[in-house]
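Trainee: The amino acid sequence is not available; the structure is as follows:
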């Protein structure tokens, strides 16, 4: 997959998952996904967003 496809897939899972995030939190995470410059940064965004959700 190319980087753009990974980003779109990540945003899809964010929107359609069962996570307890507010709409504002999801929009901020999507912005971070868009700003990721490589797969490593994209994974960092994913792990950070999971940590936010885990502390609820």
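Mentor: Nice, I can see it. Bear in mind the structure is a predicted one, so any value in this text is a computation, not a measurement.

Trainee: tell me what the lowest-mean-pLDDT helix or strand in the chain is packed against?
Mentor: Least confident helix or strand of the chain, by mean pLDDT, DSSP states H and E, is helix 39-54 with a mean of 91. Applying 3 or more C-beta pairs under 8 Å, 6 or more residues apart in numbering; DSSP states H and E, we find helix 39-54 packed against helix 3-16, helix 23-35. From N, CA and C alone the C-beta is placed, and that goes for glycine too.

Trainee: Can you tell me which of these is nearest to residue 41?
Mentor: Nearest to residue 41 among these is helix 23-35 (8.0 Å), distances taken as C-beta to C-beta.

Trainee: what sits against the residue lying closest to residue 38 once chain neighbours are set aside?
Mentor: Once flanking residues are discounted, residue 38 sits nearest to residue 3: 7.3 Å by C-beta to C-beta, 6 or more residues apart in numbering. Residue 3 is in contact with 38, 39, 42, counting by C-beta atoms under 8 Å, 6 or more residues apart in numbering.

Trainee: Filter the residues you listed down to just the buried residues.
Mentor: Among the contacts of residue 3, those buried by neighbour count (16 or more other C-beta atoms under 10 Å) are residue 42.

Trainee: List just the nearest of the contacts of residue 3 to residue 10.
Mentor: residue 42 (6.5 Å).
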